[in-house]
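1. sequence-free structure coming up:
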């Protein structure tokens, strides 16, 4: 049975930002990546008009079987909630070795997009977790908390402090030698527990294992 994955990358929106400039900056930042991942030929960002969101699909640029979208939200007076975050989402299924490719290109995406958070989630695990948030069984503030640590993650300096009371450098020190990749990217911590596609039961264990290493 194939596993459904989702790359979720989020950026804090700021008032009076120009969507087109942000989008152009992102595309400029990834232009030297290999084909497909550099999104060459992607459509321009539509005018937001009277809507609260503008988005562009990158599905036709990505590999067959992958879906992707980039979202920019309306810049109003109040942008202090995660619901206002700009987002990049890529969905795919296991069995094609895509996680190994993503591990290599994601640091460039993080820097170009200006992300504060990134993870690759397993739908069968992440959806029930989110349902608990919706049902108020779990208190979760995305700009302050990390709901689940997955195999591939990025947290900027502010999120590291809010979620773990640690700096990216302190997290790097604790994870070095224990995970496949751990390094500083764009003033945050990027780490890969493993780039292998794990069975669901093994994937579920990652959160508790990594949290045990990050406890103060």
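-> Cool, the structure landed. Every value quoted in this text rests on a predicted model; they were computed, and no experiment measured them.
2. show me the contacts for the nearest residue to residue 192 once chain neighbours are set aside.
-> What sits nearest to residue 192 in space, not counting adjacent residues and going by C-beta to C-beta, 6 or more residues apart in numbering, is residue 181, at 4.0 Å. Using the backbone N, CA and C atoms, a C-beta is placed for each residue, glycine as well. By C-beta atoms under 8 Å, 6 or more residues apart in numbering, residue 181 lies in contact with 103, 190-192, 195.
3. just flag the most distant two among those residues.
-> The distance between the two most remote of the contacts of residue 181 (C-beta to C-beta) is 12.5 Å, for 190 and 195.
4. for the chain, where's the lowest mean pLDDT among helices and strands?
-> helix 123-134 (a mean of 56; mean pLDDT, DSSP states H and E).
5. so after that helix, what's the next helix or strand?
-> strand 152-156 (DSSP states H and E).
6. where does the chain dip in pLDDT?
-> Residues of the chain meeting the criterion pLDDT under 70: 1, 50, 76-82, 123, 126-140, 142.
7. on that earlier part again, just the contacts of residue 181 now: which is nearest residue 96?
-> residue 195 (13.0 Å).
8. tell me how many other residues surround that closest one.
-> Residue 195 has 18 neighbours, counted by other C-beta atoms under 10 Å.
9. got the residue ranges for the helices in the protein?
-> Per DSSP state H, the chain carries helices over the ranges 19-30, 98-113, 123-134, 157-164, 168-175, 200-214.
10. reformat those helices as TSV; add distance to residue 51 and mean neighbour count.
-> As requested, the helices of the chain are arranged in TSV below (distance: least, C-beta to C-beta, whole Å; neighbours: other C-beta atoms under 10 Å):
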stretch	distance to residue 51	mean neighbour count
helix 19-30	11	16
helix 98-113	21	19
helix 123-134	24	13
helix 157-164	28	18
helix 168-175	35	18
helix 200-214	36	14
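11. closest one to residue 8 among the ones you listed?
-> Residue 8 lies closest to helix 123-134 among the helices of the chain, at 8.6 Å (C-beta to C-beta).
12. check contacts around the residue nearest to residue 178 when sequence neighbours are not counted.
-> Distance criterion C-beta to C-beta, 6+ apart; nearest residue to residue 178, sequence neighbours excluded, is residue 213 at 6.3 Å. Residue 213 sits next to 174-175, 178 when contact means C-beta under 8 Å, 6+ apart.
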